[in-house]
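> Coordinates for the following, if possible.
(2 chains)
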Amino acid sequence: SAVISQKPSRDICQRGTSLTIQCQVDSQVTMMFWYRQQPGQSLTLIATANQGSEATYESGFVIDKFPISRPNLTFSTLTVSNMSPEDSSIYLCSEVGLAGSETQYFGPGTRLLVL
Amino acid sequence: EDQVTQSPEALRLQEGESSSLNCSYTVSGLRGLFWYRQDPGKGPEFLFTLYSAGEEKEKERLKATLTKKESFLHITAPKPEDSATYLCAVQAGSGAGSYQLTFGKGTKLSVIP
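Now for the predicted structure:
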């Protein structure tokens, strides 16, 4: 599997501000995804980051709140916009490296606390 | 709607005391069932993928099995370093692009020396 890094690893932000999280993979991958892991809850898929086109969002998540970019096959960003305390969570990116493989590998996560 | 339920929520074992974690699922058209291990402050680490009922996979002290309704993660003679949260996820649907994983809430395992 590819090595995945995320920046920042953690942050504390004020209500109403925005934070951009970066996900870097050390080799080209087929698919990249963004998940949210709220305290005591299961991982929930936010969106699929599509290379060169708009992300595909899951029910309950919208582009205005979680804009996503994927300019190439190794990099993606997730922005959490106009944050509220309810956005406090761990945000994880994942990748599927090989076409035809279903296994997703996860990055280390970004721990966000909104005050 | 795909659903995954893991039990128990938490499990404390003495070192060497074998046990099993359960993952019950409801999906339309299972493509794969995945087990991950997650340590505090880290992302999920991939353990196994199971594709069809009757399949089994092993890795060190862990063995995963699959039936049509549930999966078990058997831990034999656990050690303190096996302490972690174990996550189960299912992938359903057909055709290209059906990559979405539906996760359970996990079982937090603590192995006491």
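> Please make it C-alpha for all contacts and neighbour counts, starting now.
OK.
> which one is the residue positioned nearest the centre of chain A nearest to, not counting chain neighbours?
By C-alpha atoms, centre = their mean, the mean C-alpha position of chain A lies nearest to A:Trp34, the distance being 3.2 Å. The shortest distance from A:Trp34 to any residue that is not its chain neighbour, by C-alpha to C-alpha, 6 or more residues apart in numbering or on different chains, is 4.5 Å, and that residue is A:Cys93.
> Need the pLDDT of that neighbour.
Predicted confidence (pLDDT) at A:Cys93: the value is 97.
> Helix or strand for it, just tell me which one.
When elements are assigned from DSSP states H and E, A:Cys93 belongs to strand A:89-96.
> neighbouring contacts of that strand?
Counting by C-alpha atoms under 8 Å, 6 or more residues apart in numbering or on different chains, the neighbours of strand A:89-96 from elsewhere in the structure are A:4, A:6, A:23, A:29-39, A:102-113, B:43.
> Tell me which of the residues you listed fall in strands.
When DSSP state E is applied, the contacts of strand A:89-96 are split such that A:4, A:6, A:23, A:31-37, A:105-106, A:110-113 fall in strands.
> Least confident of these?
Least confident of those in the model: A:Met31, at 86.
> Now do the contacts for that one.
For A:Met31, the residues meeting the contact criterion (C-alpha under 8 Å, 6+ apart) are A:48-50, A:95-97.
> Separate out the buried members of those.
Among those, those classed as buried by 16 or more other C-alpha atoms under 10 Å in any protein chain shown are A:48-50, A:95-97.
> Out of those, flag the one nearest to B:Leu66.
Each of those was scored against B:Leu66 by C-alpha to C-alpha, and A:Val96 proved nearest at 22.8 Å.
> Just the buried residues of stretch A:95-109, please?
A:95-97, A:102-109.
> do stretch B:22-34 as well
Taking 16+ other C-alpha under 10 Å as the basis for neighbour counts, the residues of stretch B:22-34 that come out buried are B:22-27, B:30-34.
> From those residues, which land in strands?
Counting by DSSP E, the part of those found in strands is B:22-26, B:30-34.
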